[in-house]
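Student: could you look at this predicted model? Sequence included:
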2 protein chains.
Amino acid sequence: MVGFVVVSHSKALAEETIRLALEMKYSEFPLVNGSGTEGDYFGSNPLIIKEAIEKAYTEEGVLIFVDLGSSVLNTQIAMDFLDRDEYKLENIKIADAPLVEGLIAAVAMNDTKATLEDILLELKEFKNFSKIND
Amino acid sequence: MVGFVVVSHSKALAEETIRLALEMKYSEFPLVNGSGTEGDYFGSNPLIIKEAIEKAYTEEGVLIFVDLGSSVLNTQIAMDFLDRDEYKLENIKIADAPLVEGLIAAVAMNDTKATLEDILLELKEFKNFSKIND
């Protein structure tokens, strides 16, 4: 099954997002917090993200949920640091989806049948999804 | 200035989202957590949301950030409960935007010049915004 990583500027925010998403988790797969910095300031750190990706890595791949700005940049740097023999970069993707809403939807659909491509396709639909009707 | 309310299934998640958004807060306006239930289970409660809207209410209006599903429904119920003489419903809107990313962007732009309409327009742009470039 696909593994997930959460990269927010706030480690505590990521922790609470994971806690909520666990309510929708019906299968066994890695879900790892790769947020925050050494010393627990707001921000992110490529080495912390790299370790989280390694921990979350499965044969099906890894999907990374980010909040904004430097979380994206540091995740891209983290991916560059990975040992490419051990971790197939083509199976490691950043989700172009809202952090909380995207993670919850992805966790709910991640079972033995779902591939990384399936989940990415589902998340793409979020672009057209409206929370309200007006 | 516009007041903001955050309605998540998780009170702690909303709290951490607010804490992160405060990093982008340059003006004085209400930013109220209207999440969670009596007894602190996951979920939301129309009466808690109603009180949060009343606390966040300003002449410029209130913008409410929700996560998913019943958070939206309970916010709509809360709005129905409001005293319409005191709280102008046309100035109270649910943001059709991602909880974390939307709140951060809205907090950053909420100053004496920004109207509720301005913020809603800016948040609409999120629909076309991509976190990644591929």
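Tutor: Arrived safely, thanks for sending.

Student: distance from the helix or strand harbouring A:Val32 to the middle of the chain?
Tutor: Assigned by DSSP states H and E, A:Val32 belongs to strand A:31-33. Offset of strand A:31-33 from its chain centre (CA atoms, centre = their mean, to the nearest Å): 8 Å.

Student: any idea which helix or strand comes after it?
Tutor: For strand A:31-33, the succeeding helix or strand toward the C-terminus, using DSSP H and E, is helix A:46-56.

Student: for the helix or strand that comes right after that next one, list every residue counted as buried.
Tutor: Sequence order places strand A:62-66 as the next helix or strand after helix A:46-56, per DSSP H and E. For strand A:62-66, the neighbour count (16 or more other CB atoms under 10 Å in any protein chain shown) marks A:62-66 as buried. No exception for glycine: its C-beta is placed from N, CA and C like everyone else's.

Student: before we move on, what about stretch A:39-59?
Tutor: Neighbour count says stretch A:39-59 has A:42-46, A:48-54, A:56-57 buried, by 16+ other CB under 10 Å.

Student: turn those into CSV, including distance to A:Asp111 and pLDDT.
Tutor: Shown next, in CSV, are the buried residues of stretch A:39-59 (distance: CB to CB, whole Å; pLDDT from 0 to 100):
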residue, distance to A:Asp111, pLDDT
A:Phe42, 34, 96
A:Gly43, 34, 96
A:Ser44, 29, 97
A:Asn45, 32, 97
A:Pro46, 31, 98
A:Ile48, 28, 98
A:Ile49, 26, 98
A:Lys50, 27, 98
A:Glu51, 26, 98
A:Ala52, 22, 98
A:Ile53, 21, 98
A:Glu54, 23, 98
A:Ala56, 17, 98
A:Tyr57, 18, 98
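
Student: so which of these are also by chain B?
Tutor: For chain B, the contacts drawn from those by CB under 8 Å from any CB of the partner chain are A:Phe42.

Student: between the buried residues of stretch A:39-59, which is closest to A:Glu16?
Tutor: Of all the buried residues of stretch A:39-59, the one sitting nearest A:Glu16 is A:Phe42; the distance, using CB to CB, is 14.8 Å.

Student: now the closest one. Nearest residue, chain neighbours left out?
Tutor: Among residues not flanking A:Phe42 along the chain, A:His9 sits closest, at 4.7 Å (CB to CB, 6 or more residues apart in numbering or on different chains).

Student: for chain A, what lies in contact range of chain B?
Tutor: Neighbours of chain B within chain A, by CB under 8 Å from any CB: A:8-10, A:12-13, A:15-17, A:19-20, A:23, A:42, A:66-68, A:72, A:94-101, A:104, A:127, A:130-132.

Student: from those residues, list just the buried residues.
Tutor: By 16+ other CB under 10 Å, the residues of chain A next to chain B give A:8-10, A:12-13, A:15-17, A:20, A:42, A:66-68, A:72, A:94-101, A:104, A:131 as buried.
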